[in-house]
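> Sequence and predicted model, in that order:
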Number of protein chains: 2
Amino acid sequence: MYDHVKGVRDFYPNEMGARRAVIDSLEDVARRYGFREIGTPAIESADLYIEKSGEEIVEELYSFEDESGRHVALTPELTPTVARMVVAKQQELAKPIKWFSTRPFWRYEQVQQGRYREFYQLNADIFGSGEPAADAEILALAADALTGLGLGSEDFEFRVSHRDILGGMLESIGGDADVQEAIRAVDKREKVEEGEYYGLLEDAGLGREDAREFDGVLSSGDLETVLEFAGTDRVERAVENLRAVLGAAENLGVGEHLTLSLETARGLDYYTGVVFECFDSTGEVSRSVFGGGRYDDLIESVGGQPTPAVGVAPGLAPLSLLLDRAGVWPDEAISTDYYVLRVGESDRVAQVAARITRELRSRGQVTETDVSGRSFGAQMSYADSIGAETVVIVGEQDLANDEVTIKDMRGGDQTTAPVENFPGAYDRPTYDDVA
Amino acid sequence: MYDHVKGVRDFYPNEMGARRAVIDSLEDVARRYGFREIGTPAIESADLYIEKSGEEIVEELYSFEDESGRHVALTPELTPTVARMVVAKQQELAKPIKWFSTRPFWRYEQVQQGRYREFYQLNADIFGSGEPAADAEILALAADALTGLGLGSEDFEFRVSHRDILGGMLESIGGDADVQEAIRAVDKREKVEEGEYYGLLEDAGLGREDAREFDGVLSSGDLETVLEFAGTDRVERAVENLRAVLGAAENLGVGEHLTLSLETARGLDYYTGVVFECFDSTGEVSRSVFGGGRYDDLIESVGGQPTPAVGVAPGLAPLSLLLDRAGVWPDEAISTDYYVLRVGESDRVAQVAARITRELRSRGQVTETDVSGRSFGAQMSYADSIGAETVVIVGEQDLANDEVTIKDMRGGDQTTAPVENFPGAYDRPTYDDVA
């Protein structure tokens, strides 16, 4: 007997039905926002990540040589791929470019709750606008996607910050601090002990005193305190930009979901402006659910014209933890509109059952019928197991009277209907329609 | 500048929109038939294919060692995976099991028209019934899936045969013919020259005379001729089974799409009963579009209880060739319900435009608005490029009169509406509603 590979999952129909409902809901919001679906390969040149994604991702890369000796990788994230696609058609594409897709990615990492080696994400990105309205559009999309799933403002919050506030503050401290490394330390702030956090800041080149003061400003969560600490042009512009983004998101009706949080940094190297992470407001799901932000330099770095960009990528596994915690993970029960039950071996039974099945299906109804030659009892039991709402019984005796039996599987009531008239003009005839 | 890996494809929104319409249509038919969606991993143990799939697939396998030294492969087909999933929950799953999914697969093969190294398939399978009704259900599903895409009976045909007719005939010839090899030769019959075909039959151990006679019976396409040639119990049962399947499919209303074709063999080793292939009736698309059939031994061979199975797997790339040829490939133009255009920098313009955008989106309308701070002309040009039906213009001057302008992008007519009343009670207000 074979098993699946460690860290990947099989989804059986009940769980998959719930996942599909979540994906449909997320994608429906993206479509209403005017994001367009794209399709992307699962395999890319390994170089695309080795040169662009930062150490953490490269260490976890599933990469190998194909038959012709190409060094290829299973895509660990979407951003480098969409950046490559934007560059390939930079001239023809109308800006802003608003793209989304839902698909699996692969990272060889430690398997734990809500984290797998094969994981599914919706990605939504806007290319070609550096305006605060674009960041706000991404924040609003993400918030509406969550409320569309039944989450309320008491369930989640987006902690919003700005990379140039962090970078600008570190710059103003001066010395030989490594800004990227210090930002990665901030990203780890909530995940490690205080001592380790300060150790990481010191490793990044911050003196103990500076590190304390820097962290104090972050903790204040107050933009005026930031401006007092580092009144450089860069920091002033970043604060202004962050305020404009929050204001534009407020106009789009999602202000209640946003919290200013200077400790939010995001792990990936390529972010350049507003960054945000979604958290469970109750804290029960302790890790960040997903995140996003602005990455204005990436397109140029993969060979394109300078093109500002901002995006978000909710992952299904962490999202399912939040939806579960909030009690809004979709019902996993399977449902079926009709089961057409056959009793008897005659050609007429077979023909009538097939005709009714075909007509119900052509009316859009989910309809199953016997494909196993089973007894009445076995068919009834199967109809029950698939949650059939109505069973249409096609049997020799009823057919002798030119009738079929319609059984309501909730209440158990049943009645007969003239066979020629079923399903007739009805799109979805139930016991109540016929009785 | 980076390019995608050879043999995989990037799908931009126009093409992806058409592909999504095709996938939605195929999946909608599968759902109405009561097939349930499953989710499956992209990575499996390489052994699953090396031991079960036959040479042709193993030669084209993308396989590699992961970090922990596991020999894994990108899935080249779905059947071994679903067989594994059935075995893993054999006791709990209600039979028949009817599953579908749409996803990519990977084979390292020669890239040509309609054939790629990353290719997308819908797979639909029934496990747990060996009855003709199950084969018929798969044939009817496949035929309805194609007619649902706009193809008519003049566009395609399913060529249907039975592995036990081929196997039983070869057995009755006697001698030391290798049945699997001879069946693979039959599968190549249409793809190679006559001389090569007979060479392959001889390689499989058939004498020249026997090969001619065998092929003569196949060409006759007549089941009585088959029975005369090989009146063994095995062949008689196979003929009876094939006739029952065709009759049950006729009852399901898809008889007009089926042709008996004894030359149809299917390349994969694991088929055991009815097999079929879909062809373009005009012959313009010369290769088989897709195929399917019964594979009753596979579940047992991967460690499960004996479980009959039958399935079909239409691939998007060859299907798109047929849909193109028939002129029914979906429109690739992008459409948008509304573009909300902003003129002026005032807070009121920003707030009103954001509110209208939000309200239209919440009514389910695909709505875009300016995220780039662009001019009236640039916004109009963008609205046109995304196929916006209606443009709502929010400008300082109109707002001074508490109005917005509603512009019909087809005819070019425009009118004003009171800002407080827009979109008001309408789900989808157009120029005609407002004028």
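The structure has been received and is ready for your questions. Numbers count the residues shown, from 1 in each chain, chains lettered A, B, ... in the order given.
> count of residues packed around A:Ala94?
Burial of A:Ala94, expressed as a neighbour count using other Cβ atoms under 10 Å in any protein chain shown, amounts to 12. (Each C-beta comes from the backbone N, C-alpha and C, glycine too.)
> which residue packs closest to it, ignoring adjacent ones?
The shortest distance from A:Ala94 to any non-neighbouring residue, by Cβ to Cβ, 6 or more residues apart in numbering or on different chains, is to B:Ser385 (4.1 Å).
> Can you get me a residue count around that neighbour?
Residue crowding around B:Ser385 was assessed by other Cβ under 10 Å; the count is 14.
> next one: A:Val179
Applying other Cβ under 10 Å, we find 17 residues neighbouring A:Val179.
> tell me the contacts of it?
When contacts are counted by Cβ atoms under 8 Å, 6 or more residues apart in numbering or on different chains, A:Val179 touches A:166-167, A:170-171, A:204.
> Which residue would be the closest one in the stretch 51-200 of chain A to chain B?
When scored by Cβ to the nearest Cβ, the stretch 51-200 of chain A has A:Phe64 as its residue closest to chain B, at 3.3 Å.
> Skipping adjacent residues, who's closest to that residue in space?
The spatial neighbour of A:Phe64 that comes closest, neighbours along the chain excluded (Cβ to Cβ, 6+ apart), is B:Phe64 at 3.3 Å.
> Give the helix, strand or coil label for the one you found.
Under the three-state scheme (DSSP: H, G, I helix; E, B strand; the rest coil), B:Phe64 adopts strand.
> For the helix or strand hosting A:Ser381, name the packing helices and strands.
A:Ser381 belongs to helix A:376-385 when assigned by DSSP states H and E. In this structure, helix A:376-385 packs against strand A:336-343, with contacts taken as 3 or more Cβ pairs under 8 Å, 6 or more residues apart in numbering or on different chains; DSSP states H and E.
> so how far is the strand it packs on off the chain centroid?
36 Å (Cα atoms, centre = their mean, to the nearest Å).
> correct me, but the residue of the stretch 51-200 of chain A closest to chain B touches B:Leu61?
No. Assessed by Cβ atoms under 8 Å, A:Phe64 is found out of contact with B:Leu61, at 11.7 Å.
> related to what we said a few turns ago, list the contacts for the residue of the stretch 51-200 of chain A closest to chain B?
Residues near A:Phe64 by Cβ under 8 Å, 6+ apart: A:71-73, B:62, B:64-65.
> And the pLDDT at it?
With respect to pLDDT, A:Phe64 has a value of 90.
> Kindly state the beta-bridge partners for it.
The bridge-partner assignment for A:Phe64, based on DSSP bridges, gives A:Val72.
> List the buried residues of the lowest-mean-pLDDT helix or strand in chain A.
In chain A, the helix or strand scored least confidently by mean pLDDT, DSSP states H and E is helix A:55-59, which has a mean of 78. For helix A:55-59, the buried set under the neighbour-count rule, 16 or more other Cβ atoms under 10 Å in any protein chain shown, comprises A:57-58.
> Can you pull out the residues in contact with that helix?
By Cβ under 8 Å, 6+ apart, the residues outside helix A:55-59 that reach it are A:49-50, A:76-77, A:107, A:267-268.
> Among those residues, name the buried ones.
Buried among the contacts of helix A:55-59 by 16+ other Cβ under 10 Å: A:49, A:76-77, A:107, A:267-268.
> Could you tell me which of these are located in helices?
A:Tyr49 (DSSP state H).
> And the furthest pair within the buried ones among the contacts of helix A:55-59?
Distances among the buried ones among the contacts of helix A:55-59 were taken as Cβ to Cβ; the most separated pair is A:Tyr49 and A:Gly267, at 14.4 Å.
> I'd like the next helix or strand past the helix holding A:Ser381.
Of the helices and strands lying after helix A:376-385 in sequence (DSSP H and E), the nearest is strand A:388-395.
> Following that next one in sequence, what is the next regular element?
Using DSSP H and E, the helix or strand that directly follows strand A:388-395 along the chain is helix A:396-400.
> the inter-axis angle of the helix or strand just after that next one versus strand A:336-343?
For helix A:396-400, the following helix or strand on the C-terminal side (DSSP H and E) is strand A:403-408. Per axes from the mean of the first three to the mean of the last three Cα atoms, to 10 degrees, the angle that strand A:403-408 makes with strand A:336-343 is 140 degrees.
> Against which helices or strands is strand A:403-408 packed?
Judged by 3+ Cβ pairs under 8 Å, 6+ apart, the packing partners of strand A:403-408 are strand A:388-395, strand A:414-418, helix A:431-434.
> Highest mean neighbour count out of these?
For the helices and strands packed on strand A:403-408, average neighbour numbers computed from mean count of other Cβ atoms under 10 Å in any protein chain shown are highest in strand A:388-395, which has a mean of 24.
> Could you check the pLDDT of A:Ile38?
Reading off the per-residue confidence, A:Ile38 sits at a pLDDT of 98.
> how about it, what does it touch?
Going by Cβ under 8 Å, 6+ apart, the list of residues near A:Ile38 reads A:82, A:85, A:99-101, B:10-13, B:16.
> Which of the residues you listed fall in strands?
Within those, membership in strands is found for A:99-101, as judged by DSSP state E.
> Looking at those, spot the one nearest B:Arg374.
Nearest to B:Arg374 among these, counting by Cβ to Cβ, is A:Trp99 at 19.2 Å.
> Who is the closest one paired with across the strands?
Beta-bridge pairing of A:Trp99, defined through DSSP bridges, involves A:Arg36, A:Asp125.
> Quick check: it vs A:Pro306, distance?
A:Trp99 sits 19 Å away from A:Pro306, taking Cβ to Cβ, to the nearest Å as the criterion.
> where along the stretch 201-350 of chain A do the helices fall?
In the stretch 201-350 of chain A, the segments counted as helices under DSSP state H, counting those that start in this stretch are A:208-220, A:223-229, A:233-251, A:298-301, A:316-325, A:347-362.
> And the average pLDDT for the second one is what?
What that stands for is helix A:223-229. Here helix A:223-229 scores 93 as its mean pLDDT.
> Same question for the shortest one.
Model confidence over helix A:298-301, given as mean pLDDT, is 90.
> Repeat that for the longest one.
Helix A:233-251 shows a mean pLDDT of 96.
> Stretch A:379-398 now?
If you average the pLDDT over stretch A:379-398, you get 96.
> which residues are in contact with that stretch?
By Cβ under 8 Å, 6+ apart, the surrounding residues in contact with stretch A:379-398 are A:333-344, A:346, A:348-349, A:352-353, A:356, A:360, A:368, A:370, A:374, A:404-410, A:414, A:416, A:419, A:422, A:429-431, B:34, B:94-96.
> what distance separates it from the centre of its chain?
Taking Cα atoms, centre = their mean, the mean C-alpha location of stretch A:379-398 is offset from the chain mean by 38 Å.
> With just CA atoms, put that stretch into PDB.
Only the C-alpha atoms of stretch A:379-398 are listed here, as PDB (Å, rounded to 0.1, in the frame of the first residue of the first chain):
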ATOM      1  CA  GLN A 379     -29.700   2.400  -3.100                       C
ATOM      2  CA  MET A 380     -31.700   4.100  -0.300                       C
ATOM      3  CA  SER A 381     -28.800   3.900   2.000                       C
ATOM      4  CA  TYR A 382     -26.400   5.300  -0.700                       C
ATOM      5  CA  ALA A 383     -28.900   8.100  -1.400                       C
ATOM      6  CA  ASP A 384     -28.900   9.000   2.300                       C
ATOM      7  CA  SER A 385     -25.100   8.900   2.400                       C
ATOM      8  CA  ILE A 386     -24.800  11.500  -0.300                       C
ATOM      9  CA  GLY A 387     -27.400  13.700   1.300                       C
ATOM     10  CA  ALA A 388     -29.900  13.400  -1.500                       C
ATOM     11  CA  GLU A 389     -32.900  15.800  -0.900                       C
ATOM     12  CA  THR A 390     -35.300  13.900  -3.100                       C
ATOM     13  CA  VAL A 391     -35.400  10.300  -4.300                       C
ATOM     14  CA  VAL A 392     -37.300   9.500  -7.500                       C
ATOM     15  CA  ILE A 393     -38.300   5.800  -7.400                       C
ATOM     16  CA  VAL A 394     -38.700   4.200 -10.800                       C
ATOM     17  CA  GLY A 395     -40.200   0.700 -10.300                       C
ATOM     18  CA  GLU A 396     -42.100  -1.900 -12.300                       C
ATOM     19  CA  GLN A 397     -45.300  -1.600 -10.200                       C
ATOM     20  CA  ASP A 398     -45.500   2.200 -10.400                       C
END
